[in-house]
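> got a sequence here, can you build the structure:
(2 chains)
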Amino acid sequence: MKLHEYQAKGVFADAGIPVPDSTLASTVDDAVEAAEGIGYPVAIKAQVQVGGRGKAGGIKLVDDAEEAREAADEILGMDLKGLHVDRVLVEAAVDFTNELYVGVTMDRGEGKPVAMVSTRGGVDIEEVAAEEPDAIVREHIDPAFGMHPYQARKAAFEAGVDRAVANDVASILTQLYELWDDKDATEIEVNPLMITADDEVVAADAVMNIDEDALFRHPDLAEMEEEAASDELEAKANEYGFDYVRLSGNTGIIGNGAGLVMTTLDLVDYYGGSPANFLDIGGGAKAERVTNALDMVFSDENVDSVVFNIFGGITRGDEVAMGINEALEQFDEIPKEVVVRLAGTNAEEGMEILNTDLVTVEETLEDAVQRAVEYAEEEEQ
Amino acid sequence: MSILVDNDTRVVVQGITGGEGKFHTGQMMEYGTNIVAGAVPGRGGQEVDGVPVYDTVHQAAREEDANASVVFVPPAFAADALFEALDSPVDLVVAITEGVPQQDMATVYRKLSETDTHLIGPNCPGLITPGEAKLGILPGNIFAEGNVGLVSRSGTLTYQVVDNLTQRGIGQTSAVGIGGDPIIGTDFVDALELFENDPDTEAVAMCGEIGGEDEEEAAAFIGEHMDTPVAGFIAGRTAPPGKRMGHAGAIVSGSGTGTAESKINALNDAGVPVGDTPNEVADHIEGFL
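Purely as a prediction, here's the structure:
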């Protein structure tokens, strides 16, 4: 779960990490009022979860009320890389002399957290990592001991951070690691960490990803989840308890098991179609879950056909078939063509049970996907 | 022959009194797995389907000579259950539990580095040696005895590929679901090495997916150390960056590492054919035999 910038900065501030003064606003008037309260210059920043907000026009620096009004008016309601902006963060601009990068993430291969420092802050750090990997100093942390203070100092000094601020940068890195540990984060990144002329150190941006599997022990963060959802349908999926990702195509996909659902998406693409979503219905497929899954996919207006692919292991094909019949019988008219493929445990029984007035039944994964792609093409014409 | 499990595997089930633990214990016994004990704190002295339950894994291992554990403990308590298993004398631990927090797994992984125990999972369907034993939740009926090894990060995708093989009359030595989490015990390289050293395994199918660099490392291992032919499949070619595709580990990072393309290229460079469909993987395997 990726937090919005304003949420992450709230978490930073609570942990004592210096962040600029800021206020969240959802109307132009509120944004101007906030800017007046903070004092110019201020930055007006779109609160949507896309990279490169600045370049896309989602961040504006303003010097007076008139500019603030103009910028807020422009950013609020704008469409930023496909996401609607309905809130802005109005934030004191920091007069910096230097920009650094600091972060903590999980090194999957090593199974260990790794702390990072670079003096090449304020630019796309992924590019720096690709072009000059040595410009980012990495310090692995033994999860049995946590981060020793010397490790933070070592990273800061070896990265070449100015001696005047290196100790402060090291203590911010230590705080970030503690936050990472306390909040079950999978990634924390500050880019840029700004250094002012007075050698103050300020977190001017904040990226924080929380492990969804650990939300059960962080009720405060779980509350942020709904607000953090970047898409209406993705928010609905959270409610139904589905793993769902929205894509831009027109063939809806429902299946069981992450790997097999991903494979179904890939096959839609392979046979010339375009996947509309990833939806893993999980183990078991009682009528209610099937109904909810179909509701999710049908409510995506881009969807022109649906492929339902279940490989029954412990899940039984006959039960799934009954669930599908029951779910579809609730509709007076089924909004889109549904193609079903059942395999594995009791699949043959299931295929006999399926009501072929409501769905098209195919025997193989390949045939089912091709049929759904054909339906989607016909619907589009 | 087989890898990791066979007729001599003596299993303790951690969480045997829970809904899933109880159900799958029955399924495993029906398949022929030698379940010798259950371990649930506070439930020692009870029985589940005739299987004696002990309060601790150590007791179960000592009293019933168990050498493997299957873990069905809920996510919040799973790491503790894994530490208990790793501290006991069992040689193999299979963690079925989905949703173990990543930082908990980092500490388990640290402990694992100090032991010789094999950990499979978490968030996996387990493993099976057809005709002998299954440890986990895989549906036994789709497997057949034979000479193909299978290793996969995904459960139902494994079933799909196994089904394509079995339908053609191609059986399996063993099949291992290594799990879809970012931090797992046994990885592709470990499983491939076991198959390479198994005289009966004549070909291996590996099913990877987006996220991490395990498949790239596996490709390097295959190129340098394997004589047994391998065919691959990679799920997630159409996954957008930054989105978790069901499995906690199935995510292409913002910087573009962990893509299907990178994994397919690495495997192809190592001489491993990668199927565009699961059925094509079976075609390649059939060609090897």
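> what residues sit buried inside stretch B:279-287?
B:279-282, B:284-286 (16 or more other Cβ atoms under 10 Å in any protein chain shown). C-beta coordinates here come from the backbone N, C-alpha and C atoms, glycine included.
> and which of those is nearest chain A?
For these, the closest approach to chain A (Cβ to the nearest Cβ) belongs to residue B:279, at 6.5 Å.
> please, which helix or strand holds the closest residue to chain B within the stretch 151-300 of chain A?
Per Cβ to the nearest Cβ, residue A:259 is where the stretch 151-300 of chain A lies closest to chain B, at 2.3 Å. Per DSSP states H and E: residue A:259 is located in helix A:258-270.
> export that helix to CSV, keeping only CA atoms.
Once non-C-alpha atoms are left out, helix A:258-270 reads as follows in CSV (Å, rounded to 0.1, in the frame of the first residue of the first chain):
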residue,chain,number,x,y,z
ALA,A,258,-2.1,-15.1,-9.0
GLY,A,259,0.1,-16.9,-11.4
LEU,A,260,-2.8,-18.4,-13.5
VAL,A,261,-4.6,-15.1,-13.6
MET,A,262,-1.5,-13.3,-14.8
THR,A,263,-1.1,-16.0,-17.4
THR,A,264,-4.7,-15.5,-18.5
LEU,A,265,-3.9,-11.7,-19.0
ASP,A,266,-0.8,-12.6,-21.0
LEU,A,267,-2.8,-14.9,-23.2
VAL,A,268,-5.4,-12.3,-23.9
ASP,A,269,-2.6,-10.1,-25.1
TYR,A,270,-1.0,-13.0,-27.0
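> which strands and helices lie in contact with it?
strand A:251-255, strand A:277-280, strand A:305-312, helix A:365-380, helix B:155-167, strand B:203-209, strand B:230-235 (3 or more Cβ pairs under 8 Å, 6 or more residues apart in numbering or on different chains; DSSP states H and E).
> and the spatially closest residue to residue B:163 that is not a sequence neighbour, what does it touch?
Leaving aside its chain neighbours, residue B:163 sits nearest to residue B:142 (5.2 Å; criterion: Cβ to Cβ, 6 or more residues apart in numbering or on different chains). The contact partners of residue B:142, by Cβ atoms under 8 Å, 6 or more residues apart in numbering or on different chains, come to A:313, A:344, B:159, B:162-163, B:166.
> still on that earlier bit, just the ones of the buried residues of stretch B:279-287 in helices?
Among those, the residues falling in helices (DSSP state H) are B:279-282, B:284-286.
> run a quick neighbour tally on residue A:160.
Look at residue A:160: counted by other Cβ atoms under 10 Å in any protein chain shown, it has 15 neighbours.
> same thing with the one 4 residues further on?
By the criterion of other Cβ under 10 Å, residue A:164 has 9 neighbours.
> residues from the stretch 51-200 of chain B in reach of chain A?
B:75-76, B:99-107, B:109-110, B:125, B:137-139, B:141-142, B:152-160, B:163, B:180, B:182-183 (Cβ under 8 Å from any Cβ of the partner chain).
> from the residues you listed, which would you call buried?
B:75-76, B:99-107, B:109, B:125, B:137-139, B:142, B:152-160, B:163, B:180, B:182-183.
> tell me which parts of the stretch 251-381 of chain A are close to chain B?
With Cβ under 8 Å from any Cβ as the criterion, the stretch 251-381 of chain A meets chain B at residues A:255-263, A:265-270, A:275, A:278, A:280, A:311-314, A:343-345, A:364-366.
> mind redoing it with 7 Å?
Within reach of chain B by Cβ under 7 Å from any Cβ of the partner chain, the stretch 251-381 of chain A has these residues: A:256-263, A:265-267, A:269-270, A:275, A:278, A:280, A:311, A:313-314, A:343-345, A:365-366.
> show me where chain B has its helices.
B:19-31, B:57-64, B:75-87, B:102-112, B:155-167, B:188-196, B:214-225, B:260-269, B:278-288.
> next one: stretch A:313-321 to chain centre, how far?
Distance, stretch centre to chain centre, for stretch A:313-321: 32 Å (Cα atoms, centre = their mean, to the nearest Å).
> er, stretch A:179-189 I mean
Centre to centre, stretch against its chain (Cα atoms, centre = their mean), the figure for stretch A:179-189 is 15 Å.
> cool, and stretch A:363-378?
30 Å.
> outside of it, which residues touch it?
By Cβ atoms under 7 Å, 6 or more residues apart in numbering or on different chains, the surrounding residues in contact with stretch A:363-378 are A:250-251, A:264, A:267-268, A:271-273, A:304-307, A:309, A:337, A:339, A:341, A:360, A:362, B:160, B:277-279.
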